[in-house]
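**Student:** generate a structure from the sequence data that follows.
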Amino acid sequence: MAACGSNEEFGTISDELEEYRVVALGKNGNGKSATGNNFLGIETFISLCSAKSVTENCRCDSAIRFGKRLVYVDTPGFFDIEKPNEIIMKEIIKCKALSSPGPHAFLLIIKVDRFTPEEKNTIDLYEQIFGDEFYNHLIVVFTHKDKLDKSGKLLKQFTSEAPSDLQNVLSRNNNICIAIENEASPEVVEVQMKELFTLVTVVVGLNEGKHYTNTTYENIEKRLLKEEDKQRKTLMDNLTRTINDKKESLKQNNKDVKEEEELLLAYVFSLQSSTEAHSLEEAQSAEAKINKLYKENEQLKYKIIMMKDEIRRIKKESKDCPNKPGSFRENIRQMIESEEGQLVVNFLMEFGPTLLKSGIVALKSYLKK
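**Tutor:** Have a look, this model is predicted:
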């Protein structure tokens with residue numbers, strides 16, 4: 001599976017390119033991964049027609065689509081995977097870290113099917129985790145639109161006939177919803193994904209451009225910004241040392257080139273004045289050696305210029321963006337995604353106890369139903 005942002009190198013993208021972050025929620029098998037692949041326009045999340053969850057851990061990826069950088073966080077069915085409560089809560093922390101400083105939209109993925117009490121309980125759990133503000137950023141995505149088409153119903157009619165619990169959810173999110181068919185033709189899928197992206201922009205507009213956040217998100221973001229600053233300083237130190245080393249090499253190269261050039265030019269002059277048949281070939285070979293030395297020197301100078309430009313870019317980012325994500329965020333997302341990522345462990349240790357406590361209470365209440 002691709003790492004977050006693997007299809008684009010984050011550090012090479014201008015900070016001016018706006019990023020939209022979305023988090024997919026819903027029960028297993030509802031089509032979160034398939035929707036993510038279509039939304040990003042790349043095959044990155046494993047999606048299979050199976051009753052068993054394919055996505056067992058939070059994963060994310062990004063792509064440049066519709067003039068924005070889209071970040072899609074694919075989540076397991078938090079409350080219907082067979083894992084200990086602590087592991088589930090760790091994945092929730094991971095979800096928040098991957099979508100930090102906060103998602104612009106939550107996509108609640110539901111099948112065009114009977115809305116069950118289990119679906120309602122799952123939504124209630126999301127509300128407990130993310131709070132009432134969750135609904136202001138919520139888009140309900142109905143998958144398996146083909147069933148809707150076969151019934152001859154429009155989405156508006158389908159939702160008007162939906163159970164009261166589902167209608168309540170839609171009333172709380174301003175009835176922002178869409179029906180899609182992930183297995184449709186590429187042309188149809190593309191149209192549907194543009195419509196979904198438009199809904200994301202609508203949600204962003206309704207929230208005045210602000211992403212969702214809460215105390216946990218804010219605390220995680222402080223840690224991530226601190227980690228980004230640490231990475232910037234480490235890279236600048238490494239680049240500075242490399243530049244100094246290359247300057248010494250360039251200094252020595254200039255000396256060597258000058259000495260070599262004097263010797264070779266004298267040799268070339270003697271060869272050119274010679275009447276021997278092989279003299280011209282040897283002269284041309286000597287001149288080629290001089291040109292090669294010059295070329296190597298120019299390449300070394302260019303590398304130094306590029307590294308200096310990189311240091312200036314990093315310094316500018318550090319100065320201009322002290323309180324918002326920079327180009328190092330993608331490296332950190334990859335660290336969070338990895339099983340060995342200590343950042344998640346640290347987040348859990350620092351912010352986990354309260355979340356674990358409330359989450360476990362919610363889980364126990366859910367399991368009793």
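
**Student:** does the residue lying closest to Lys246 once chain neighbours are set aside sit in a helix or strand, and which one?
**Tutor:** Take Lys246 and drop its neighbours on the chain: the residue closest to it by Cβ to Cβ, 6 or more residues apart in numbering is Ile304, 5.3 Å away. For the C-beta atoms, the positions are set from N, CA and C on the backbone; glycine is no exception. Assigned by DSSP states H and E, Ile304 belongs to helix 279-320.

**Student:** how far off centre is that helix?
**Tutor:** For helix 279-320, the distance from its own C-alpha centre to the chain's C-alpha centre is 34 Å (Cα atoms, centre = their mean, to the nearest Å).

**Student:** next helix or strand past it?
**Tutor:** The helix or strand immediately downstream of helix 279-320 is helix 329-337, counting by DSSP H and E.

**Student:** got the CA coordinates for that next one in CSV?
**Tutor:** Extracted C-alpha coordinates of helix 329-337, given in CSV (Å, rounded to 0.1, in the frame of the first residue of the first chain):
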residue,chain,number,x,y,z
ARG,A,329,4.5,17.3,7.1
GLU,A,330,4.6,14.5,4.6
ASN,A,331,7.7,13.0,6.2
ILE,A,332,5.9,13.0,9.5
ARG,A,333,2.8,11.4,8.1
GLN,A,334,4.9,8.6,6.8
MET,A,335,6.4,8.2,10.3
ILE,A,336,3.0,8.1,11.8
GLU,A,337,1.8,5.5,9.3
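
**Student:** what's the mean pLDDT across stretch 122-138?
**Tutor:** In this model, stretch 122-138 has an average pLDDT of 89.

**Student:** that one: which residues count as buried?
**Tutor:** Across stretch 122-138, burial judged by 16 or more other Cβ atoms under 10 Å covers 122-130, 134-138.

**Student:** Thr213 falls within a strand, correct?
**Tutor:** No - Thr213 is assigned coil when assessed by DSSP: H, G, I helix; E, B strand; the rest coil, not a strand.

**Student:** just the element for the closest residue to it other than its chain neighbours, please.
**Tutor:** Spatial nearest neighbour of Thr213, excluding adjacent residues (Cβ to Cβ, 6+ apart): Gly102 at 4.0 Å. Gly102 belongs to no helix or strand when elements are defined using DSSP H and E.

**Student:** which of the buried residues of stretch 122-138 lies closest to Phe66?
**Tutor:** Comparing the buried residues of stretch 122-138 against Phe66 with Cβ to Cβ places His137 closest, at 18.5 Å.

**Student:** what's the closest non-adjacent residue to the closest one?
**Tutor:** Among residues not flanking His137 along the chain, Tyr212 sits closest, at 4.4 Å (Cβ to Cβ, 6+ apart).

**Student:** next, count neighbours for the one you found.
**Tutor:** 23 (other Cβ atoms under 10 Å).

**Student:** and Lys251, by the same measure?
**Tutor:** For Lys251, the count of nearby residues is 10 (other Cβ under 10 Å).

**Student:** same deal with Gln231?
**Tutor:** By the criterion of other Cβ under 10 Å, Gln231 has 18 neighbours.

**Student:** give the burial count for Thr116, as a bare number.
**Tutor:** Using other Cβ under 10 Å, Thr116 has 12 other residues around it.

**Student:** mind putting the buried residues of stretch 122-138 in JSON lines, distance to Asp229 and secondary structure included?
**Tutor:** Conversion of the buried residues of stretch 122-138 to JSON lines gives the following (distance: Cβ to Cβ, whole Å; DSSP: H, G, I helix; E, B strand; the rest coil):
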{"residue": "Thr122", "distance to Asp229": "38", "secondary structure": "helix"}
{"residue": "Ile123", "distance to Asp229": "38", "secondary structure": "helix"}
{"residue": "Asp124", "distance to Asp229": "38", "secondary structure": "helix"}
{"residue": "Leu125", "distance to Asp229": "35", "secondary structure": "helix"}
{"residue": "Tyr126", "distance to Asp229": "32", "secondary structure": "helix"}
{"residue": "Glu127", "distance to Asp229": "34", "secondary structure": "helix"}
{"residue": "Gln128", "distance to Asp229": "33", "secondary structure": "helix"}
{"residue": "Ile129", "distance to Asp229": "29", "secondary structure": "helix"}
{"residue": "Phe130", "distance to Asp229": "28", "secondary structure": "helix"}
{"residue": "Phe134", "distance to Asp229": "30", "secondary structure": "helix"}
{"residue": "Tyr135", "distance to Asp229": "34", "secondary structure": "helix"}
{"residue": "Asn136", "distance to Asp229": "31", "secondary structure": "helix"}
{"residue": "His137", "distance to Asp229": "28", "secondary structure": "helix"}
{"residue": "Leu138", "distance to Asp229": "33", "secondary structure": "strand"}
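
**Student:** quick one: which of those residues is nearest Leu108?
**Tutor:** Comparing these against Leu108 with Cβ to Cβ places Leu138 closest, at 5.9 Å.

**Student:** surely Glu310 touches Thr240?
**Tutor:** No - using Cβ atoms under 8 Å, Glu310 is not in contact with Thr240, being 10.6 Å away.

**Student:** alright, that wraps it up for me.
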